[in-house]
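Participant: Sequence and computational prediction follow.
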Amino acid sequence: MNMLMLLGAASAAPSGHNLLFMMADQMRADAFGKVNPRQKTPNIDQLADDGIMLKAYTSTPSCTPARAAILTGQKPWNHGMLGYGAVAQKYPYEMPRTLAQSGYSTHSFGKDHFGWNTTADEGVPHGYQTTDLYDGMVSEPDDYHQWFEREMPGHKPEEGWPTLDMNSWMGAPYVFNSSLHPTAYVGRAAVKFIKENLVNATKPWFLKVSFHRPHSPYDPPQDYLDQVQEADLLPTRISTDGWDKNFSINSHANNCGPQFKDAWCGDMPAVNLTLAKRAYYGSIRFVDTQVGLIIAALKETSNYDNTLIVWTADHGDGQGDHYHFRKTYPYEESAAVPMIVRWPVTMKSIYPRGSQMMEKVTELRDIFPTMLDGAGLEIGSSIDGQSLLCIIDPSRPQCKPWRQWIDLEHSTCYNITNHWNALTDGRMKYIFNAYFPGEQLFNLTADPYELVDIAAEPAYESELKLWRGRMVAQFEEEKRGPTFVLNGVLQQRVKGMTYGPNYPSNYQPELDDSEV
């Protein structure tokens, strides 16, 4: 479609702000400088200084269900992805499609993870009018793969990380010139688009820029790896009461331990773990450089002042905490994500720029209603999320009292025992491990790294009962049925459920754990 047609026709456009949604894949909530001063991310930090930092989670901490939440604005039970599977081909109400139908031009750069249409030779659009994609799927001939093979005839992008793969826990420097790296590709494509198409756009626009890194492979260019030394790393967090001991067992049955390139748990050699962490944080620094270039392009084209910007991630990364690697678990390293909102100069806020507001818990489902609110559009009744703009200005017309807690869950992944539900208000966290069944309770205020499980402590008996009751009430309200709760009692569930009854149609392909 002609780009000028997409960016013109002002008469069809709403009177809202421009919208920029940026995210990283697998970036922990504590992986940038405003939270961890040892990590140098000046551009993401500057975004926080010009906006507000919020307490945030991803309800289903793996790539595709997290993106379903962003796409639909719904909680897991309502969008239907309770674990790692395939994003449906179409949902009744989707963020880019709704914005496009309301007069916005909509564009996506980087990782969508919506699937690739080989017939049309493009990603499944979900309402994005143009896309330029790198999904990080070896089997997918996306835009980056095609570009790379034109630039490097006879070579594949995966040759850039010859000792790693798309889910390895180890790290190594990128072997090609850094300009060929997918992180540079995505940043460069977004900057080029802004400079060439948004200088005098008469139609408001919605841009999504989604970086695949720091998701594995941890493969920053050598100079970015060199920037991160062992002294810059946070200590690995291991429980003091032994609740995570089982995850330290290097087992062939569980694919845990250093002998497995794609291990999701295990007690790894210190030298390998240190290199992996350095490469992970080096990857984030490389992403941060691209964020700086994108912000500079917005300012150069006089778009920055009128643009609502949100920065987040789809989930975190174990990085050895509690002997975990990768994601899909309810613990902070996996389920907590960064959330930064930078509002346009014409918007009101009860907080000064540079504030941190951690008392209200937010989630990825809040991004869709935030974009609708910023666009001046009505937030649909099917949306479970709330506009983040209601935190900075509760007087906005669509605001309602903020939620008290958030629900989280993930169906079976990596191991048959890994399927769970959880609730948190950012101060306490309750986890129901459905396979055993078993319960965990963490006081995040006193114990932010979840070093002590207090579920069995008599002093917290009433607190445990309170949170258990809240989960029972949620399941009953959602009408999950006796598989989940029976006569007010949470039920053991030996078998997981990846797709719930609200998942659109019967499109439920089986995906391998090795992809997540």
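Facilitator: Nice, I can see it. Residues are numbered from 1 along each chain as shown.

Participant: buried stuff in stretch 168-178?
Facilitator: Residues of stretch 168-178 classed as buried under the neighbour-count rule (16 or more other C-beta atoms under 10 Å) are 168-174, 176, 178. No exception for glycine: its C-beta is placed from N, CA and C like everyone else's.

Participant: got a markdown table for the residues you listed, with pLDDT, distance to Asp241 and secondary structure too?
Facilitator: Supplementary listing: the buried residues of stretch 168-178 in a markdown table, determined by pLDDT from 0 to 100; distance: C-beta to C-beta, whole Å; DSSP: H, G, I helix; E, B strand; the rest coil:
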| residue | pLDDT | distance to Asp241 | secondary structure |
| --- | --- | --- | --- |
| Ser168 | 97 | 30 | coil |
| Trp169 | 97 | 25 | coil |
| Met170 | 97 | 29 | coil |
| Gly171 | 98 | 30 | strand |
| Ala172 | 98 | 35 | coil |
| Pro173 | 98 | 38 | coil |
| Tyr174 | 98 | 40 | coil |
| Phe176 | 98 | 46 | coil |
| Ser178 | 98 | 44 | helix |
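
Participant: Between the residues you listed, which sits nearest Gly354?
Facilitator: Ser178 (31.4 Å; C-beta to C-beta).

Participant: Now do the contacts for that closest one.
Facilitator: Residues in contact with Ser178 (C-beta atoms under 8 Å, 6 or more residues apart in numbering) are 184, 221, 223-224, 286.

Participant: need those residues in JSON lines with distance to Ala66 and secondary structure, can you?
Facilitator: Output for the contacts of Ser178, formatted as JSON lines (distance: C-beta to C-beta, whole Å; DSSP: H, G, I helix; E, B strand; the rest coil):
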{"residue": "Ala184", "distance to Ala66": "24", "secondary structure": "helix"}
{"residue": "Pro221", "distance to Ala66": "27", "secondary structure": "coil"}
{"residue": "Asp223", "distance to Ala66": "31", "secondary structure": "helix"}
{"residue": "Tyr224", "distance to Ala66": "25", "secondary structure": "helix"}
{"residue": "Phe286", "distance to Ala66": "22", "secondary structure": "helix"}
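
Participant: what about the helices in the stretch 301-450 of the chain?
Facilitator: In the stretch 301-450 of the chain, the helices defined using DSSP state H, counting those that start in this stretch lie at 332-335, 367-374, 389-392.

Participant: out of those, nearest to Pro96?
Facilitator: With C-beta to C-beta as the measure, helix 367-374 is the member of the helices of the stretch 301-450 of the chain nearest Pro96 (9.2 Å).

Participant: so what does that closest one touch, helix or strand wise?
Facilitator: If you count contacts as 3 or more C-beta pairs under 8 Å, 6 or more residues apart in numbering; DSSP states H and E, helix 367-374 packs onto strand 18-25, helix 63-72, helix 95-101, strand 307-313, helix 389-392.

Participant: circling back to that earlier point, now for the contacts of Ser178, which pair is the farthest apart?
Facilitator: The most widely separated members of these, counting by C-beta to C-beta, are Ala184 and Asp223 (12.5 Å).

Participant: higher neighbour count, the two?
Facilitator: Ala184 (19 against 12; other C-beta atoms under 10 Å).

Participant: Skipping its backbone neighbours, what lies nearest that one in space?
Facilitator: Closest residue to Ala184 apart from its sequence neighbours, by C-beta to C-beta, 6 or more residues apart in numbering: Ser178 at 5.9 Å.

Participant: how about the closest residue to Gln101 other than its chain neighbours, phi and psi?
Facilitator: Leaving aside its chain neighbours, Gln101 sits nearest to Gly127 (7.7 Å; criterion: C-beta to C-beta, 6+ apart). For Gly127, the backbone dihedrals (degrees, to the nearest 10) come out as phi 100, psi -10.

Participant: Surely Gly127 touches Tyr93?
Facilitator: No. Applying C-beta atoms under 8 Å as the test, Gly127 and Tyr93 come out as separate, 10.3 Å apart.

Participant: okay, now Thr483: neighbour count?
Facilitator: For Thr483, the tally of surrounding residues (other C-beta under 10 Å) stands at 13.

Participant: do Thr346 as well
Facilitator: 8.

Participant: OK, contacts around it?
Facilitator: Going by C-beta under 8 Å, 6+ apart, Thr346 touches 17, 306.

Participant: ok so, going back, out of Gly127 and Tyr93, name the residue with the larger neighbour count.
Facilitator: Gly127 (19 against 15).

Participant: Identify the residues contacting the more buried one.
Facilitator: Counting by C-beta under 8 Å, 6+ apart, Gly127 has contacts 94-101, 106.

Participant: mind checking how far it is from Leu20?
Facilitator: Here the distance between Gly127 and Leu20 works out to 17 Å (C-beta to C-beta, to the nearest Å).

Participant: what's the farthest-apart pair in the contacts of Gly127?
Facilitator: Those two in those that are separated most widely, counting by C-beta to C-beta, are Met95 and Gln101, at 11.1 Å.

Participant: Specify which residue of the two has the higher count of neighbours.
Facilitator: Met95 (27 against 12).

Participant: What does the pLDDT read for the more buried one?
Facilitator: In this model, Met95 is scored at 98, pLDDT.

Participant: Would you agree it is in contact with Ile367?
Facilitator: Yes. Between Met95 and Ile367 there is a contact under C-beta under 8 Å: 7.4 Å.

Participant: okay, and the common contacts of these two?
Facilitator: Common contact partners of Met95 and Ile367 (C-beta under 8 Å, 6+ apart): 70, 73.

Participant: Ramachandran angles for Tyr499?
Facilitator: When read as degrees, to the nearest 10, the backbone of Tyr499 gives phi -120, psi 120.

Participant: Let me see the confidence value for it.
Facilitator: According to the prediction, Tyr499 has pLDDT 96.

Participant: do the same with Ser11
Facilitator: 30.
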